[in-house]
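Visitor: Whatever this is, show me its structure:
(2 chains)
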Amino acid sequence: MIEFVLGVVAVIGGYGIFRLYRSLAAAQRYLEESGQEPPLQLEHLPADVARVAQDTRSLRLSLEGPLRQAEDLLRVDLMRTQDDVESAAQVFMDASREVAEWLYTFDRLPEAKRRELRDAGIGPERIRAAMEAENWAFELSNLRVKGRQTMDLRIRNIVEELTRVEAALQTHSRGYR
Amino acid sequence: MPQPSNAPESSAETPKTPVKSTVTLSIDGREVTVEKGATVWDAAQKLGIEIPVLCHDPRYRPVGVCRMCVVDVGGRVLTASCVRPAEQGMQVTATSPGLDKHRKMLTALLMADQPQTPSQRRPQGSTLHVLANNYGVAESTGACGPLGLPRGNGRGVDRSSPVIGVDHQACILCDRCIRGCDELQNNEVMTRTGKGYSTKIAFDLNQPMGSSSCVSCGECMDACPTDALVNREIAAPIKRPAALKQVDTLCPYCGVGCSVTAHVDEERNQVAWIDGRDSRVSDRRLCVKGRYGFDYATHAHRLTVPLIRRDDAYPKGPLSGAVRLKRGRRPGGLVDYREVLPAFREATWDEALDLVASKLKEIRETYGGQALAGFGSAKCSNEEAYLFQKLVRVGFKTNNVDHCTRLCHASSVAALMETIGSGAVSTTFRDIENSDVALLTGTNTTANHPVAATFFKQAAKRGCKLIVVDPHRPRLADHAYRYIRIKPGTDVAFYNGVMHEIIARGLVDEKFVRDRTLNYDELCKVVEDYPPRVAAQIAGVTAEEIIDCANTFGSAKAALVFWGMGISQHTHGTDNARSLISLVLMTGNVGRPGTGLHPLRGQNNVQGASDAGLIPMVYPDYQGVTSDDVRNKFEAAWGTELDPKPGLTVVEIMAEALKKDIRGMYVMGENPFISDPNSNKVRKALSALDFLVVQDIFLTETAEFADVILPASSFFEKTGTYTNTDRRVQIGRPVLELPGQARHDWKITCEIGKRMGAPGFEFASVEDVFAEFTGLTRNYAGLTYEHLGLEGKLWPCPDPVGTDGTVVLFGESFPSGRGKFVPANFAPAAELPSPEYPMVLTTGRLLEHWHTGTMTRRSKALHTIEGEPHVDIHPEDMKKLGVVADDWVDVTSRRGSITLKVRASLAPGRGAVFIPFCWREAAANVLTIDELDPAGKIPEFKFCAVRVEKSQPGESSAAE
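Guide: Numbering: from 1, shown residues only, chains lettered A, B, ... in the order given. Predicted coordinates:
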């Protein structure tokens, strides 16, 4: 009798585990196929660094707008109005401010934490350099600059660097293991 | 009990002029006598000897870092004349070949480090380049400077600010910008960073300017003697001043009334840029709106042709999506012309004016004058306000005329008139220079009167104790001796507690109370019930805070009280103002330099519009409509019979319109749909009107309900006088040409008056209107355009030729004779928080945006800096609500709901939220309550109960 009960429990338990794995796999598949952002893994990070990770993702996502704007402006469009151009300028100005604010969140981290992150290859230097090269603002007049990439590519570089920082922050726990 | 320590001395009115000691010195062989303490540079200036300077400006603390102003005083080395005090018998050589050689060398060294390719140029030419030209060291190109030294290019450019470009390479580190920021504007944003060659000016902790805490006042740009800090192009290309026209005029925004010089591109009919102008009001200082918010006047949305509503656009109702919606997220920051204009057709001026006159006449003849009403504007000039109220009184035959003072300081004026018999400020805001204590309450001065705030901050640095009392922590609290956060709506209890303590400590000015006031015993009886312990409990502060406030204010030799909408915009706003007036009277703090009452006026001409009679119960100069003598005087002057009944106020007019008792309205330059409380009610009221004519420069939300829209003139296109918060009457001069067929407002009003058959609207010029207005008043009597000149005059001005006017009023007596104490008991707000609506909403302005945003949201720079609706919430409350910064939330009151983004801020305090009312797409007045103060008839914008919830994505918006 006991064996029977244990057997039933084992079967039910096994089926439960099977269902759980299957739903997890389905969820994983869904997330992968839906193109949605996987949730940030921040449990291992102290609060201020976790905040940087969140801000990094927010900035990366919000730069999609100016990136599209830059791509759009670089295409010939005879229907483009002055309003469209002005609203693009506004988007660029907001984006510039957001990047500067992101850099500031990094700067506000305690020196020890910044050093630790730097040792793990995580830092704002490339983005700072990119913004310095932009004179701290994405400007319409600089969509195309001789000797440099077009603005969409320059923004894309920043997005890629942010993606790298975001990923590195999620895997980073300590600089020295 | 100690005796009152602040009893005025008998000689207080005539301060003795101290005998100043002087020194005599010789500069380049010429003798000059200057006050002791003056510098050699000052003495040279007096002689007309030009000593070049780069780091020095007489407005800032001299530092002597550039060494350009060195002179020979016979010492071992040359000395910087801007810091060297003049001494008795000093022999100074200010001009010599040796000194020239020295200055040339310095200039060449500085030029050597200027950028090879300048990223920007000061249109008037930088002081450094002028010097370089003079010394012949400007002409050098290529990689080497004039001395053959390699040019530097190690410091970058910062284009992050939408209004100021920063080129660090052009900076010579003279620190003028830093001193301008620290010492004049007192914003303390700028500093130096780095070491050695990499040293540069920095914003905050070396942030890009555009994302630092910089408030974009432009003081640093104005101070810069090089091309390091230069205005960016806003509307028209920036050209050399010689290619532009310079017009001395005023800022069109707040009640401070700053003096400006506009540089105008006449060819394009656009302002290229604006500079501050030396004056007794603003001393060349400006804020971001005054310096960079001018381009609204040339925005493509300007109305240029009269418009008449099409027959198929009736019945009337809101036309744009944002105005139609009752709940949810509204589209767009500006009225969508594509949605609204199809409901109107273009008309000729004759057709539009005839229609207006005939419709208004028809309503008057059918329903009587009481069925008509007019809203004037505090943005218009004194002359326009005077004519508007005259048209309503003479043409409409009613006193139903009001303007936005009803939404701003009506309760303050009611209290002032009742207690001292005058609604005006008793002294100027710059009189704080003579105060040792200043109480600032219910005023967010750094946002609403930014230039006045710079003088307050300067006073604090000098040692004046600022006591800031406000439920919403203003930035000025950073400079305060003490900031006291009371619970919203508990001002009366707090000040009763303070007065209780002043009496208990014997700090009352017994002589002043005895000689100059009435009803003191009544006050004592009331405040007896408010010991600090009790008052503290009501106001949510500590008893110690009340005691310290009482002690500090009561012991002051000269104390001033400034207040703003935080006091007045309550259902008990008049009681709040009465309490402040009592506080001032009992301590004798009025009628002497550095003392007084100063309700800070909001609009640039709210003082003047009120003076001109744009108030339903008084004619110009506060002469009551119910007085037979006064009415007879105006009937004789205007040649017609006048209505003896006081008219309705702003909110009452809307309520009557809803009941169909008001059937026709003329709105000039106001936007009640956004500015009045309870927008959903206003929407119904405006829809219910039989006839509405709106005269404005843009298609406002209110204009969507109009039958006729008349294109008017902006501030920059007209001549007129404006009276600032200090009572200073100044002339605004035309800067731009009118666009299209737009007309001057005063001419439109006169035309309507004439077509309605009203007498007295045949004026040849705006100066004639001013003459008629001043002739009917006591306070403006004698003033003419000629007298006003560039600086204006303070009213009253008994001798307009020889004096600037009266700074301190009520030195001997009050207009009412004695000042009357009117005690007040604490009463709670009209709508208190409940479990369903647990938070308190306060509304107000932002530094960058003015009122309903019709002007500032069409200014490129201002919109770029602050472009999105937000609600300020305390971080603790955000945590409770489960929201983070930038989340969308629904804010709901019993009257409606809006959706906007969250911004974390400590300013509103726990349990309260703050929403600026400039956002039409998230109009705060959808939420506010239209309960009125019984005396001032002002609505309670500063208190209503709301609920805040995280907005659900995809939540539908419900149209009414």
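
Visitor: Confirm that B:Ser422 sits in a helix.
Guide: No. Going by DSSP: H, G, I helix; E, B strand; the rest coil, the assignment for B:Ser422 is coil, not a helix.

Visitor: How many residues are close by the closest residue to it other than its chain neighbours?
Guide: Nearest non-adjacent residue to B:Ser422, counting by CB to CB, 6 or more residues apart in numbering or on different chains: B:Pro815, 4.6 Å away. For the C-beta atoms, the positions are set from N, CA and C on the backbone; glycine is no exception. B:Pro815 has 16 neighbours, counted by other CB atoms under 10 Å in any protein chain shown.

Visitor: Now do the residue nearest the centre of chain B against A:Gln28, distance only.
Guide: Taking CA atoms, centre = their mean as the criterion, B:Cys254 is the residue nearest the geometric centre of chain B, at 2.4 Å. B:Cys254 sits at a distance of 58 Å from A:Gln28 (criterion: CB to CB, to the nearest Å).

Visitor: Are we agreed that B:Ile898 is in a helix?
Guide: No. B:Ile898 sits outside any helix when classified using three-state DSSP, being strand.

Visitor: Please name the nearest non-neighbouring residue to it.
Guide: B:Ala922 (4.4 Å).

Visitor: low-confidence ranges in the stretch 501-650 of chain B?
Guide: The model of the stretch 501-650 of chain B has no residue with pLDDT under 70.

Visitor: Within the helices and strands, which one has residue 118?
Guide: Using chain A. Assessed by DSSP states H and E, A:Arg118 sits inside helix A:111-119.

Visitor: Show me what the helix or strand bottoming out on mean pLDDT in chain A packs onto, helices and strands only.
Guide: Among the helices and strands of chain A, helix A:2-34 carries the lowest confidence by mean pLDDT, DSSP states H and E, at a mean of 85. The criterion is 3 or more CB pairs under 8 Å, 6 or more residues apart in numbering or on different chains; DSSP states H and E, and there are no helices or strands that helix A:2-34 contacts.

Visitor: quick one: that helix to chain centroid distance?
Guide: 33 Å (CA atoms, centre = their mean, to the nearest Å).

Visitor: Next, the buried residues of it.
Guide: Residues of helix A:2-34 classed as buried: none (neighbour count, 16 or more other CB atoms under 10 Å in any protein chain shown).

Visitor: where's the next helix or strand after it relative to the chain centroid, distance-wise?
Guide: As assigned by DSSP H and E, the chain's next helix or strand after helix A:2-34 is helix A:47-62. How far helix A:47-62 lies from its chain's middle: 7 Å, per CA atoms, centre = their mean.

Visitor: wait, does the next helix or strand after helix A:47-62 contact chain B?
Guide: Proceeding N to C from helix A:47-62, the next assigned helix or strand is helix A:64-74, under DSSP H and E. No. Judged by CB under 8 Å from any CB of the partner chain, helix A:64-74 stays clear of chain B, getting no closer than 13.4 Å.

Visitor: neighbouring contacts of helix A:64-74?
Guide: Helix A:64-74 has contacts (CB atoms under 8 Å, 6 or more residues apart in numbering or on different chains) with A:80, A:85, A:88, A:91-92, A:94-95, A:138, A:140, A:143-144, A:150-152, A:155-156, A:159.

Visitor: Contacting chain B as well, which ones from those residues?
Guide: Among the contacts of helix A:64-74, the residues within reach of chain B (CB under 8 Å from any CB) are A:Asp94.

Visitor: Of the contacts of helix A:64-74, which belong to helices?
Guide: Residues of the contacts of helix A:64-74 located in helices (DSSP state H): A:Val85, A:Ala88, A:Val91, A:Phe92, A:Asp94, A:Ala95, A:Met151, A:Asp152, A:Ile155, A:Arg156, A:Val159.

Visitor: nearest to chain B, of those residues?
Guide: A:Asp94 (7.6 Å; CB to the nearest CB).

Visitor: separation between the residue in the stretch 1-150 of chain B that chain A sits nearest to and B:Ala202?
Guide: At 7.6 Å from chain A, B:Ser119 is the closest residue in the stretch 1-150 of chain B, using CB to the nearest CB. Going from B:Ser119 to B:Ala202 by CB to CB gives 18 Å.

Visitor: How many neighbouring residues does the closest residue to chain A within the stretch 251-400 of chain B have?
Guide: The nearest approach of the stretch 251-400 of chain B to chain A comes at B:Ala300, 8.1 Å away (CB to the nearest CB). Neighbour count for B:Ala300, taken as other CB under 10 Å: 9.

Visitor: And for the one 4 residues further on?
Guide: Applying other CB under 10 Å, we find 13 residues neighbouring B:Thr304.

Visitor: again with B:Lys879
Guide: 12.

Visitor: same deal with the one 3 residues further on?
Guide: As a burial measure, the neighbour count of B:Gly882 was computed by other CB under 10 Å and equals 9.

Visitor: Ok, B:Glu433 next?
Guide: B:Glu433, neighbours per other CB under 10 Å, totals 14.

Visitor: Can you tell me, leaving aside adjacent residues, what's nearest to it?
Guide: In space, and not counting its chain neighbours, B:Glu433 is closest to B:Ala459: 6.3 Å by CB to CB, 6+ apart.

Visitor: how much space between the one residue sitting closest to the centre of chain A and chain B?
Guide: Centroid-nearest residue in chain A, with CA atoms, centre = their mean: A:Arg57, separated by 3.2 Å. Per CB to the nearest CB, to the nearest Å, A:Arg57 is found 13 Å from chain B.

Visitor: Spatially nearest residue to that residue, not counting backbone neighbours?
Guide: In space, A:Arg57 is closest to A:Glu166, 5.5 Å off (CB to CB, 6+ apart).

Visitor: Pretty sure the one you found sits against A:Leu61.
Guide: No. Using CB atoms under 8 Å as the test, A:Glu166 is too far from A:Leu61 to be in contact (10.2 Å).
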